[in-house]
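1. coords below, sequence missing:
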């Protein structure tokens with residue numbers, strides 16, 4: 001499903017959309033690690049590169065082992081963002097992140113059952129991708145700190 005087209009009238013796949021969204025988020029961040037994952041995972045260099053050039057460097061790494069990717073690449077980051085189809089054969093990936101660290105998951109494929117908890121305790125899941133997604137992290141973190149959303 002992750003390699004199915006985003007819509008009947010488009011050529012990009014859900015994986016392409018995830019790569020664009022993740023790359024833009026990483027490029028906008030003060031500090032970020034961009035990780036491509038499937039059955040395997042790897043750090044994707046993105047600094048000082050055009051978004052589409054970075055997206056072109058993504059490949060096919062197999063299935064959806066989100067849990068191993070988070071376990072391998074989480075290194076005390078202040079938040080974790082996962083863009084995935086949320087298949088969960090290898091268990092809850094959020095278990096590798098301390099409970100006080102927010103984990104934001106974007107489900108781009110629409111599977112009914114998610115890969116981990118959502119809706120409380122710093123675990124949040126959003127369905128689909130749009131430009132509104134870029135404002136969700138500051139919105140969620142602002143409300144956590146008692147600020148009125150802007």
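-> All right, it came through fine. Here the structure is a predicted model, which means the values were calculated and not measured.

2. Have a look at the chain and report its longest helix.
-> Scanning the chain for the longest helix, with DSSP state H as the assignment, gives helix 14-28.

3. now that helix: mean pLDDT?
-> Across helix 14-28, pLDDT averages out at 91.

4. how about the closest residue to residue 140 other than its chain neighbours, what does it touch?
-> Nearest non-adjacent residue to residue 140, counting by CB to CB, 6 or more residues apart in numbering: residue 124, 6.0 Å away. C-betas here are computed from N, CA, C, even on glycine. Contact partners of residue 124, counting by CB atoms under 8 Å, 6 or more residues apart in numbering, are 102-105, 118, 136, 140.

5. immediately after the longest helix of the chain, which helix or strand?
-> strand 35-37 (DSSP states H and E).

6. what comes up buried for that following strand?
-> Across strand 35-37, burial judged by 16 or more other CB atoms under 10 Å covers 35-37.

7. Let me have those residues in TSV, extended by pLDDT.
-> Shown next, in TSV, are the buried residues of strand 35-37 (pLDDT from 0 to 100):
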residue	pLDDT
35	97
36	95
37	92
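
8. so can I have a markdown table of those showing distance to residue 90?
-> A markdown table is the format used below for the buried residues of strand 35-37 (distance: CB to CB, whole Å):
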| residue | distance to residue 90 |
| --- | --- |
| 35 | 15 |
| 36 | 16 |
| 37 | 11 |
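
9. Break down the protein into its helices, ranges please.
-> 14-28, 51-56, 66-73, 136-144.
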